[in-house]
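In: No sequence on hand, only this structure:
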């Protein structure tokens, strides 16, 4: 495989994996520890901002609750504040040395809002992949103008870039459809 194509493929796949990680933080009707993992918690008197994943163990407690057990019990109130302040619409109740986070069912309006967010994030990644494709095509054009490759090689590389680009766009479409289905599932 041409190094240009493999570079484009790597960049595109990295964009896809970022999107998958980003989608994990979008709430669905089911409990999923990933929605809290990247939540930023200001702790130790405001001296440090850490992701919840770095401060606690997050586990599912049935279909509509999560259990958050901090590594340092002194951070439990900071974690509770961060959960309540977040835009996720979750409530947390203190139970001994852990927090029980209730995940309310999504209303139809919330589901539609999350679907719009999914579409917006998906479109951003589609644009990113398009930009990678355009950059790869520019490099091919420069190589052709510098007489580093023949016209046949130029057309073959462009065709390969377009084929890989289409493959990545199909993947993005599939990821988006799966997340939408997950959100709309009652």
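Out: Structure's in. What do you need? Since this is a predicted model, take the numbers as computed values, not measurements.

In: switch to C-alpha atoms for all contacts and neighbour counts from now on
Out: OK.

In: gap between residue 75 and residue 45?
Out: Separation of residue 75 from residue 45 (Cα to Cα, to the nearest Å): 10 Å.

In: If you could redo that for residue 10, that was the one I meant.
Out: For residue 10, the distance to residue 45 - Cα to Cα - is 41 Å.

In: Tell me the confidence at residue 135?
Out: Here the pLDDT value assigned to residue 135 is 94.

In: Give me the domain ranges for the protein.
Out: Using automatic domain parsing, the domains assigned to the chain come out as 3-24+107-184, 34-102.

In: Compare those and say which comes out lowest on pLDDT.
Out: Looking at these, the bottom one is domain 34-102 with a mean of 86.

In: start to end distance for that one?
Out: Termini of domain 34-102 sit 14 Å apart (Cα to Cα).

In: picking that back up, between residue 75 and residue 45, which is the more surrounded one?
Out: More neighbours surround residue 75 than the other of residue 75 and residue 45, with 18 against 8 (other Cα atoms under 10 Å).

In: tell me the contacts of that one?
Out: Residue 75 sits next to 43, 44, 55 when contact means Cα atoms under 8 Å, 6 or more residues apart in numbering.

In: Quick one: which of these is the most crowded by neighbours?
Out: Of the contacts of residue 75, with other Cα under 10 Å as the count, residue 55 tops at 21 neighbours.

In: doesn't residue 72 make contact with that one?
Out: Yes. Assessed by Cα atoms under 8 Å, residue 55 is found in contact with residue 72 at 7.4 Å.

In: Which parts of the protein are helices?
Out: 3-24, 34-37, 52-55, 76-85, 108-145, 151-184 (DSSP state H).

In: how about the ones you listed, which one is nearest residue 65?
Out: For residue 65, the closest of the helices of the chain is helix 34-37, at 11.6 Å, according to Cα to Cα.

In: Go through the closest one and flag the buried ones.
Out: Neighbour-count burial for helix 34-37 flags 34, 35, 36, 37 (criterion: 16 or more other Cα atoms under 10 Å).

In: Then stretch 81-100?
Out: Here stretch 81-100 shows 82, 83, 91, 92, 98, 99, 100 as buried, counting by 16+ other Cα under 10 Å.
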